[in-house]
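K.L.:
I would like to see how this sequence folds:
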Amino acid sequence: MSKVGVVDMVRVLDETQLGKQHAAELKARWDERKAAYDRRREAVSIPGGRPVEPEALARELQQLDVDAQRDLGELRSSMIKDVTQKAREALKTLCAEKGVDVVVEKSAVVFFSDPAADLTAELMARLDAKPDTGAKPAPRKKR
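P.N.:
Numbering: from 1, shown residues only. Alright, predicted model coming up:
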């Protein structure tokens, strides 16, 4: 009979040092994009500033928003992939040590009675202890 373990990947993404580093980088990028958007909006309201057609400004601001959403979505996906890849590497060793054959995402499990089946805390501790878990975000796109 196969031994099954569960992992809460939401916790791994949200609570590990690597996940927190990625979240901070994502927030910093969001803040940069928001500041650029706000500067552009404010530039048209400066007295004596270059007049801008309302429709043109609306299109420009909408495009800035679309670009930011796309770029930040791609960055978030890249970060999730990075954490997931490192978690899988750590899980291989953990599972070998514990004799676990299958690992299932905790949200997909209806019920489990043995708390020892939850490998989340141990996985998170291993990820946080690994020296090579520094966030390596995708390179920034030039604008």
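
K.L.:
just the strands in the chain please.
P.N.:
Taking DSSP state E to define them, one finds strands in the chain at 4-7, 102-105.

K.L.:
quick one: closest of these to Lys130.
P.N.:
Closest of these to Lys130 is strand 4-7, at 16.1 Å (criterion: Cβ to Cβ). Backbone N, C-alpha and C define where each C-beta goes, glycine included.

K.L.:
for that closest one, packing partners?
P.N.:
helix 54-98, strand 102-105, helix 120-129 (3 or more Cβ pairs under 8 Å, 6 or more residues apart in numbering; DSSP states H and E).

K.L.:
so which of the strands of the chain comes closest to Gln69?
P.N.:
Comparing the strands of the chain by Cβ to Cβ, strand 102-105 comes nearest, at 26.4 Å.

K.L.:
helices or strands up against the closest one?
P.N.:
In terms of contacts (3+ Cβ pairs under 8 Å, 6+ apart), strand 102-105 is packed against strand 4-7.

K.L.:
since that was my last question, I'll sign off now.
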